[in-house]
Every structure is written in structure tokens, then in C-alpha cells.
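J.: Below is the structure, and that's it, no one-letter string:
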């Protein structure tokens with residue numbers, strides 16, 4: 001019998017979504033804002049309800065801004081992003097604590113990004129025969145959709161992509177996406193791309209050459225492709241090839257984070273739900289997700 005699906009949550013992206021989209025309506029007794037906690041708690045309640053308390057689930061958190069190993073390779077990596085202020089830092093910590101109270105294993109650290117923890121967990125889950133669903137809004141994690149039954153789920157947006165749908169969206173296979181990003185760059189992460197090589201050009205290149213290694217060997221044949229300005233593209237690639245290889249070290253994911261050594265187990269129980277509700281109430285959130293966790297606790301006990 002096939003092992004159950006693994007659900008791997010890119011937690012920080014949903015925390016930030018709530019932080020930026022919800023009004024400053026909820027506060028701790030000391031006056032600290034709680035909109036990120038409120039929104040993220042609602043997301044977790046929705047997720048656990050829709051997935052019916054899966055047996056394999058984990059959440060990864062970004063805690064390595066400006067300190068992860070990619071900054072050693074390229075100091076400008078994510079330099080345009082500012083560190084969280086006190087109010088947001090408090091909520092990020094609170095969201096991680098809430099996740100742990102629910103019994104969901106949590107991962108994060110100073111040297112690796114959430115994406116790397118998710119990649120490492122995905123590898124272990126596949127070795128156990130589990131299909132993987134990456135719960136995220138970040139297209140970069142699409143490169144993990146490599147199994148026949150793997151998928152990428154933008155939970156908040158209601159969009160579920162398998163490998164074929166991801167390929168149709170971006171024009172490249174999931175396994176090629178890190179190479180694609182190395183060519184086009186990623187402004188969000190301050191990764192430069194090759195001048196004049198946009199998404200369509202990069203996709204056409206990778207449709208003709210399986211990966212960057214093949215592309216490097218075939219630079220002399222690019223001018224023969226049915227590609228607008230092909231000769232100029234070849235010249236620019238040759239001039240910026242060292243940059244492409246550097247970018248590829250940044251866009252790829254580390255699937256062997258040292259502290260990730262086991263498949264994450266999860267068993268939602270009434271005690272976890274009650275603990276999560278109590279923590280929210282302690283913070284100052286007495287309705288909404290706190291009530292939902294109380295109700296979910298009662299439902300678990302009844303079953």
C-alpha cells in the first residue's frame with residue numbers, strides 16, 4: 001500500500017500574506033499587533049480541515065535573511081529585503097509557536113531557507129514512497145514537483161498544479177526551473193539575469209537544451225534556433241556565463257540540510273487543538289481561529 005501524502009507548508013509566505021493584507025485590528029494586552037497571527041491561524045485551521053489532519057505534515061520558516069549560505073556565495077542575495085521590525089518579529093515567533101502547539105513539526109534556521117528545509121523533507125518523504133504536496137505561493141518551489149503524484153498548492157489562491165500544469169504555465173519542466181531562474185534572474189531575491197533574456201527566451205532555450213550544461217555545450221548552435229535575435233542571445237550568454245553559473249548556485253535548493261533527518265509525523269489531537277486555542281486567547285485573540293480550534297478539538301474527541 002502506498003504511503004500517505006506528505007504536506008509541506010511554506011509557512012512564512014502565509015504569515016507575510018496575512019501581515020500585509022489584514023487590517024491592524026487585533027492586539028496583545030501590551031498593544032503589539034496580531035494581524036499576521038490571526039490570519040495565519042485561520043490558514044492553519046482551514047488547512048487542517050481541508051486535508052483532514054494528515055499523518056505526514058511539516059512547516060518550514062524563513063529565519064535566515066542575510067545570514068544563509070547563499071549570502072556567502074553572493075553577498076547581494078536578498079539585500080533589498082529589510083529585517084522584520086519588533087512587531088513583525090514577535091508575530092513570526094508567535095506563528096511558529098502556534099504551529100508547534102498544533103503538533104506540526106517546525107523547521108527553520110540561520111543557514112538555510114525554508115525552501116531548503118522543504119526540499120530536504122520532500123526528498124525523505126519520497127524515499128519513503130510518499131507523494132508530496134508543497135503548500136506555497138512561491139513559484140521557486142515548483143522545482144520540487146518531480147514525482148508523478150507531486151503537486152504545488154497555492155492554498156490561499158485555490159490553485160493546484162501538477163508537473164504538467166506547471167510546465168504549461170512556465171514553459172519549462174519543474175526540474176528545469178532553477179536553470180530557468182538562473183537565466184532570467186529573480187528581482188525578488190536580487191539575483192541578476194542575463195540582459196535581454198526574458199521568460200520566453202529562457203523557456204525556448206531550455207526546450208532546446210535540457211539544462212545549463214547542455215546549453216553551455218550548445219552555445220554555438222543557438223544562432224540556428226527559431227529564436228528572435230538568436231545570434232545576440234548567444235553573444236550575451238557567452239559574455240554572462242559566469243554570472244549564470246553563480247546564479248544557479250542561488251536558485252537551486254539544498255535537499256540535504258543536516259538537521260533534517262526523518263520524515264515528519266503529525267497526529268492532530270484534541271489536546272493540540274486546545275493548546276493552540278489557549279495560546280491564541282492568551283495573546284488576545286479570543287474569537288475567530290481560537291473558537292475554530294476549540295470546535296475542531298471537540299470534533300476530534302467525538303470521532
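T.: Nice, I can see it. Note that this is a predicted model, so its numbers are computed, not measured. Residues are numbered from 1 along each chain as shown.

J.: can you give me the strands in the protein?
T.: Using DSSP state E, the strands of the chain run over 6-10, 57-60, 106-107, 132-135, 151-154, 159-161.

J.: Below-threshold pLDDT in the protein: ranges please.
T.: Under the criterion pLDDT under 70, the flagged ranges of the chain are 1-2, 301-303.

J.: 90 instead?
T.: The chain contains residues with pLDDT under 90 at 1-3, 52-54, 65, 83, 156, 219-220, 222-232, 267-268, 298-303.

J.: Buried residues in stretch 74-89, which are they?
T.: Residues of stretch 74-89 classed as buried: 74, 77, 78, 84, 87, 88 (neighbour count, 16 or more other CB atoms under 10 Å). In this view, the C-beta of every residue, glycine as well, is placed from N, C-alpha and C.

J.: Can you name the two of those residues that sit furthest apart?
T.: Across those, no pair lies farther apart than 74 and 87, at 29.8 Å, counting by CB to CB.

J.: any idea how far residue 118 is from residue 260?
T.: 9 Å (CB to CB, to the nearest Å).

J.: circling back to that earlier point, single out the most deeply packed of the strands of the chain.
T.: Highest mean neighbour count among those (mean count of other CB atoms under 10 Å): strand 57-60, with a mean of 28.

J.: That one: partners in the sheet, and parallel or antiparallel?
T.: Taking DSSP bridges as the criterion, strand 57-60 forms sheet pairs with strand 6-10 (parallel), strand 106-107 (parallel).

J.: which residues does the residue of the chain most remote from its centre contact?
T.: When distances are taken from the C-alpha mean of the chain, residue 224 lies farthest, 37.4 Å away, according to CA atoms, centre = their mean. Residues near residue 224 by CB atoms under 8 Å, 6 or more residues apart in numbering: residue 230.

J.: I'd like the buried residues of stretch 74-89 as a markdown table, with distance to residue 201 appended.
T.: Output for the buried residues of stretch 74-89, formatted as a markdown table (distance: CB to CB, whole Å):
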| residue | distance to residue 201 |
| --- | --- |
| 74 | 23 |
| 77 | 24 |
| 78 | 25 |
| 84 | 36 |
| 87 | 42 |
| 88 | 38 |
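
J.: what about residue 235, how many neighbours?
T.: 15 (other CB atoms under 10 Å).

J.: What distance do you get for it to residue 205?
T.: 14 Å.

J.: Give me the common contacts of the two.
T.: Going by CB under 8 Å, 6+ apart, no residue sits against residue 235 while also sitting against residue 205.

J.: related to what we said a few turns ago, wait, which of the strands paired with strand 57-60 is closest to residue 149?
T.: Once these are compared by CB to CB, strand 6-10 is nearest, at 10.7 Å.

J.: Looking at the strands paired with strand 57-60, which is nearest to residue 188?
T.: With CB to CB, the closest approach to residue 188 among those belongs to strand 6-10: 14.0 Å.

J.: Can you tell me what sits against the closest one?
T.: Against strand 6-10 from outside (CB under 8 Å, 6+ apart): 47, 51, 54, 56-60, 104, 114-115, 118, 121-122, 125, 130-138, 141, 263-264.

J.: same thing with stretch 202-218?
T.: Contacts with stretch 202-218, where a contact means CB under 8 Å, 6+ apart, come from 170-172, 176, 179-180, 182-184, 197, 222, 225, 227, 233, 237, 241, 244-245, 248.
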